[in-house]
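Novice: Below are the sequence and a predicted model for it; my questions follow.
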Amino acid sequence: MSKSAPVIALGLTERASPLQALLTVTAVLLSAWAGLPWPGAVALGVAGAAAMIAASQLSARRESVRRWALAAAWAGTAGVLASALLARGARATLGTYLDGYYVALAWMFAVALLPATGRRPGCGPPALWRLLAVLWIMLGALSWLGASYVRNRPGAFFLCLLLLLVLLVLCHFWFHLNTTGIVAVNSLILFLLGLPFVDLLVGYAAELRAPPEARQRLYLYDVAKQNPTAFGRWWNYYLTQWRQAEKQLYAPDPDPVLNYHLRPNSRARSMRSEIAVNSRGFRGRDIPADKGNAYRIVALGESTTFGVTLNQEDRPWPELLEQLIRERLRPPRPVEVINAGIPGYRLDQNLRRFPGQILPLEPDMVISYHGINAFHQLRDAVPFAPGARAPAYKERPLRLLADAEYRLKLIRFQHRQQPRQVPRLGAVADPLDTPYAHHYRHLIQLARTNRIQLVLANYSLAVNARSERALVEFYQVGYPAAAWQIQANRVHSDIVRALAGQHPEVCFVDTHPHLDGEHDKFIDLVHFAPAGDQQMAETFFNAIRPILETNLFRL
């Protein structure tokens, strides 16, 4: 340093005090605004005051004042950290401080410390002051890094990684590092440089190791349990794709009971499947306005009827049912199976559609396949037992870190789960006196009044009371109350069977054989994989075949 350097440094510190005061006061106010506990705000003010004293003429003349100011600044910093981490007790979480306010606070205070890092006449290099300033810069950078990681902002995340790399490189010039310090700083530099490349290599290697069929069928329990992180990524992608499709397919409905309907002539893509809604608001090809001599079957239901298809060749069960009728019966007149399922709808909402959408089709037969969307209407008969939600996979800027985070969450979830059986059924009301049963009676009456052959089916799930606990927990990722829904499904089946028995004109179809509890035929707890849709079509075809043969081949 030149001889004029001490004079320049003294002039800088004289001018810096007002700026330091402004920055310190602003940082204290910002900390209070951002929710830092008041002891932390006080400690921040103490550290700022110490930095102003260190940059003053008094500190330049008295070494003891400078030492006490340095100790107070470090103590204040420690107080801020302790207050942030401990003052809120069990409520304190790291995510609380991953906010832009804390980034600005840390960097603002780091600037307030800079005047105290200059040389003073008769004093050595103030490495501890520099170290304190770097610590605050690092705290701000780590808060920014954490916020961009949690919010999955890759651009901000990698920019912050670059900032940390620059700070670590500058440490070689700002400090006289010993061998241990050099090794530590260089190790951190190599770690930050290598992390993105390792992430790419690990992801690429995982894709190469997985056989093509496993990559396409990650929803299967037998595949997913071997690679839970891959399933977590697939589940996120699956939900994202379906939500995007809903935006294209749904339109607001003025009826407050319905809320929305399928937008006529809409198109959407989910995964690799193309979904088309015709001009009358049903999935599938257009329906002629003139029925002619066609025999019409309307499949009424939820998303499990509408069809959650994954690939271009996948088709929902109503479409497969029409194909089976055409190929196996070879009827003398056309048979049309209309897919009237709407995702998210309950039986009572579909009943609301009857006058305006179903009856104008002049159906000869209506197949009802309803279930989980209205299970809450059975709570009087099945005491509700909410389950713990299994952790969801979160997308992060680095897949390697996201996978590690998800594994830790799964381990924590499994440790918290107490071994227990599926809750026993403890009915407190007559199932046939529940709202769900009343809606089924309304449907039976509508069919009888309009001379429509009604087919009532019970509901199938990927798991049942005989399924192992680990399998039930697997489906808790998307269905936290899966154990309770198993019991609700049993009650629902009893209701449908009993009501069909009370009305001989109603055809009851048991969908459980070869489907209920056979998880390899499901995408999730309720939606069918291609094998499940095929099984449903076979089940319905075999059940209604006698009716069709009587009606279609009658002379």
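Specialist: Alright, I've got the coordinates.

Novice: what is the rounded mean pLDDT of stretch 538-555?
Specialist: Averaging pLDDT along stretch 538-555 yields 91.

Novice: Show residues contacting stretch 278-297.
Specialist: In this structure, residues lying in contact with stretch 278-297 by Cβ atoms under 8 Å, 6 or more residues apart in numbering are 261-265, 275-277, 306-307, 316, 318-319, 321-322, 331, 333-341, 357, 361-367, 544, 548, 551-552. Glycine gets a C-beta too; all of them are placed from N, C-alpha and C.

Novice: tell me the pLDDT at residue 419?
Specialist: 46.

Novice: hmm, back to that, just the buried ones from the contacts of stretch 278-297, in PyMOL syntax?
Specialist: Command for PyMOL, covering only those of the contacts of stretch 278-297 found buried under the criterion 16 or more other Cβ atoms under 10 Å:
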select buried, resi 261+262+275+277+306+307+316+318+319+321+322+331+335+336+337+338+339+340+341+357+361+363+364+365+366+367+544+548+551+552
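
Novice: In strands only, show me the contacts of stretch 278-297.
Specialist: Among those, the members found in strands (DSSP state E) are 261, 262, 275, 276, 335, 336, 337, 338, 339, 365, 366, 367.

Novice: Farthest pair within those?
Specialist: 261 and 335 (26.0 Å; Cβ to Cβ).

Novice: Distance check, the nearest residue in space to residue 303 that is not next to it in sequence against residue 220.
Specialist: Distances taken as Cβ to Cβ, 6 or more residues apart in numbering place residue 343 nearest to residue 303, at 3.5 Å, with adjacent residues excluded. As judged by Cβ to Cβ, to the nearest Å, residue 343 and residue 220 stand 22 Å apart.

Novice: Between the two, point out the one with more neighbours.
Specialist: Counted by other Cβ atoms under 10 Å, residue 343 and residue 220 do not tie: residue 343 has more neighbours, with 22 against 18.

Novice: Confirm that that one sits in a strand.
Specialist: No: Residue 343 is assigned coil when assessed by DSSP: H, G, I helix; E, B strand; the rest coil, not a strand.

Novice: Let me see the contact set for it.
Specialist: Going by Cβ under 8 Å, 6+ apart, the list of residues near residue 343 reads 246, 302, 303, 306, 308.

Novice: Go through the residues you listed and give me the one with the most neighbours.
Specialist: For the contacts of residue 343, neighbours tallied by other Cβ under 10 Å; top is residue 306, 26 neighbours.

Novice: how about low-confidence regions in the chain?
Specialist: 1-17, 57-63, 87-100, 118-126, 202-217, 226, 416-428, 555 (pLDDT under 70).

Novice: re earlier: among the contacts of residue 343, which one sits closest to residue 451?
Specialist: Using Cβ to Cβ, residue 302 comes nearest to residue 451 of these, at 25.7 Å.

Novice: Which residue ranges of this structure form strands?
Specialist: Remark: strands assigned in the chain by DSSP E are 250-252, 260-262, 267-270, 273-276, 295-301, 335-339, 365-369, 453-457, 507-509.

Novice: Just the buried residues of stretch 449-460, please?
Specialist: By neighbour count on 16+ other Cβ under 10 Å, the buried set for stretch 449-460 is 452, 453, 454, 455, 456, 457, 458, 459, 460.

Novice: is it possible to export the residues you listed to CSV including distance to residue 528?
Specialist: Formatted as CSV, the buried residues of stretch 449-460 follow (distance: Cβ to Cβ, whole Å):
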residue, distance to residue 528
452, 25
453, 24
454, 23
455, 18
456, 19
457, 13
458, 15
459, 12
460, 9
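
Novice: and of those residues, the nearest to residue 102?
Specialist: For the buried residues of stretch 449-460, the residue nearest residue 102 by Cβ to Cβ is residue 459; the value is 49.8 Å.

Novice: Please name the residues that touch that closest one.
Specialist: Residue 459 touches 369, 370, 371, 372, 489, 492, 493, 511, 526, counting by Cβ under 8 Å, 6+ apart.
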